[in-house]
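Visitor: Sequence and predicted structure are below.
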Amino acid sequence: MTEQLIDNFGRRISYVRISVTDRCDFRCVYCMSEEMTFLPRAQVLTLEELAMVARAFTELGVEKIRLTGGEPLVRRDINQLVDEIGSMPGLTDFTMTTNGASLRKHAKQLYAGGMRRLNISLDSLDPERFKQLTRTGDLDKVIDGIHAAKEAGFERIKLNAVILKGRNDDEVLDLVDFARREGIDISFIEEMPLGDVSDHSRAETFYSSDDVQALIETRYPLIATPETTPGPSRYFRMADSNSRIGFISPHSHNFCDTCNRVRVTVEGRLLLCLGNEHSVDLRAVLRRHPGNMQALKDAIINALPLKPERHHFTTDGDVQVVRFMNMTGG
Ligand SMILES: Nc1nc2c(ncn2[C@@H]2O[C@H](COP(=O)(O)OP(=O)(O)OP(=O)(O)O)[C@@H](O)[C@H]2O)c(=O)[nH]1
Ligand SMILES: C[S@@+](CC[C@H](N)C(=O)[O-])C[C@H]1O[C@@H](n2cnc3c(N)ncnc32)[C@H](O)[C@@H]1O
Ligand code: SF4
Ligand code: SF4
């Protein structure tokens, strides 16, 4: 029987999020500072190391892998990694979270590599505002990227929108209408206190999922659905559309008791929880014992008791976790 990863709270780890780069072509205000220094290449896992980490997890019973970043599509040779992971036995869900700007170039290859779902971040449909929120992003490219993903055949595409009071809360209904028109899903995310951002006061911009939901229900009554992905969204449906509306609410509806996931940061740190610092250095194991799968699996198994029960985020604007989101991939 396959070995399984079960933590001290009885939660089985079936989902791993792997950050493949800390670099990004955007500088979203809630994720990065304007002047970011990225890691030297030697500190980042190589493609071979990333593939070995993915294989170790699948051999330990993990069924879902998400590639993230930074922007995963700016990593050179990303398609090679996708092909390799996509062919690993045991994976039932292989996917990516992307800002969408390079999907016109990559969507077909991702599909060919075995991906069937994609999450694409989109916080505004207004080109000027989109530029302000991402600092460098071009809205047209992202919309074109969404279309490219649909054309490539992706079965489920989900938009992710981080809602900030006073910045884009007036676009919630427009974003829902966009998702309905495109026949795709959308999740609304509460901003988390990761990384020290100077652009806005997080205490002032906090906008709860309940408020987003109330706003949507002024136009579309929402019907709760038990459907889940092995992710943190709570989903709702509308009577007259196939699009699902999700809410990712780390503050107002904590989902830690059903947590099924761990992360591998771009430096190969196995991070047991997004909201805490408990971690183990897998890169050191990989480089001390090159090619030794058992040593890597043992390091992962031995790390599990470190997984904390939950995060302790607050909405008062305090930063509890200093690392930026692009290191861990969200
Ligand atoms: N606090 C917390 N936030 C998470 C966790 N997993 C994902 N998120 C946040 O959820 C948002 C969307 O993440 P995605 O990369 O789209 O992944 P997902 O929601 O797990 O994806 P699905 O598989 O489609 O459900 C990001 O802002 C993540 O930081 C988690 O374990 N804890
Ligand atoms: C860090 S990004 C990496 C993948 C890709 N670059 C993208 O933007 O989709 C993953 C997700 O985290 C979200 N995110 C980033 N910073 C966040 C924060 N402080 N709070 C909540 N979500 C955040 C982004 O909106 C995105 O949906
Ligand atoms: S949220 Fe994604 S696209 Fe935006 S800066 Fe962070 S890594 Fe880049
Ligand atoms: S905050 Fe930590 S414990 Fe809670 S769901 Fe996220 S990773 Fe799991």
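Guide: Here it is on my side, so go on. Ligands and ions are numbered 1, 2, ... in the order given.
Visitor: how many neighbours does the closest residue to ligand 2 within the stretch 201-330 of the chain have?
Guide: Among all residues of the stretch 201-330 of the chain, Gly330 sits closest to ligand 2, at 2.8 Å; criterion: CB to the nearest ligand atom. In this view, the C-beta of every residue, glycine as well, is placed from N, C-alpha and C. Counted with other CB atoms under 10 Å, the neighbours of Gly330 add up to 21.
Visitor: do Thr98 as well
Guide: Residues near Thr98, counting by other CB under 10 Å, number 26.
Visitor: next one: Asp177
Guide: Using other CB under 10 Å, the number of residues around Asp177 comes to 16.
Visitor: Contact residues of the stretch 101-250 of the chain facing ligand 2?
Guide: The stretch 101-250 of the chain comes close to ligand 2 at residues 121, 160, 162, 189, 191-192, 194, as judged by CB under 6 Å from any ligand atom.
Visitor: Only the buried subset of those residues, as a ChimeraX command please.
Guide: Under the burial definition 16 or more other CB atoms under 10 Å, those of those that qualify are selected in ChimeraX by:
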select :121,160,162,189,191,192,194
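Visitor: Out of the residues of the stretch 101-250 of the chain next to ligand 2, name the ones that lie in strands.
Guide: Taking DSSP state E as the definition of strands, those contribute 121, 160, 162, 189.
Visitor: one step back: which one among the residues of the stretch 101-250 of the chain next to ligand 2 gets closest to ligand 3?
Guide: Out of those, the member with the shortest distance to ligand 3 (by CB to the nearest ligand atom) is Ser121, at 5.8 Å.
Visitor: quick revisit: tell me, what's the model's pLDDT at the residue of the stretch 201-330 of the chain closest to ligand 2?
Guide: If you check Gly330, the pLDDT there is 80.
Visitor: my guess is it meets Thr265, correct?
Guide: No: Gly330 lies out of contact with Thr265 (CB atoms under 8 Å); the separation is 11.4 Å.
Visitor: just the strands in the stretch 51-200 of the chain please.
Guide: Along the stretch 51-200 of the chain, the stretches classed as strands by DSSP state E, counting those that start in this stretch are 64-68, 93-98, 117-121, 156-162, 185-189.
Visitor: okay, the last one in CSV with CA atoms only?
Guide: Provided in CSV are the C-alpha atoms of strand 185-189 (Å, rounded to 0.1, in the frame of the first residue of the first chain):
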residue,chain,number,x,y,z
ASP,A,185,-15.8,30.1,-12.2
ILE,A,186,-14.7,32.8,-9.9
SER,A,187,-13.4,32.9,-6.3
PHE,A,188,-13.2,36.0,-4.2
ILE,A,189,-10.2,36.1,-1.8
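Visitor: What pairs with it, parallel or antiparallel?
Guide: Sheet pairing of strand 185-189 (DSSP bridges) gives strand 156-162 (parallel), strand 244-248 (parallel).
Visitor: list the contacts for whatever residue of the stretch 51-200 of the chain ends up closest to ligand 4?
Guide: Nearest residue of the stretch 51-200 of the chain to ligand 4: Met192, at 8.6 Å (CB to the nearest ligand atom). By CB atoms under 8 Å, 6 or more residues apart in numbering, the contact set of Met192 is 250-251, 274-275, 313, 325.
Visitor: Check the burial of whichever residue of the stretch 51-200 of the chain sits closest to ligand 3 by counting its neighbours.
Guide: Relative to ligand 3, the nearest point of the stretch 51-200 of the chain is Asn99 (3.6 Å; CB to the nearest ligand atom). Neighbourhood size, Asn99 [other CB under 10 Å]: 26.
Visitor: That one reaches Glu71, doesn't it?
Guide: Yes: using CB under 8 Å, Asn99 is in contact with Glu71, at 5.4 Å.
Visitor: Spit out the residues that contact those two alike.
Guide: Each of 24-26 lies in contact with both Asn99 and Glu71 under the rule CB under 8 Å, 6+ apart.
Visitor: Fine by me, thanks again.
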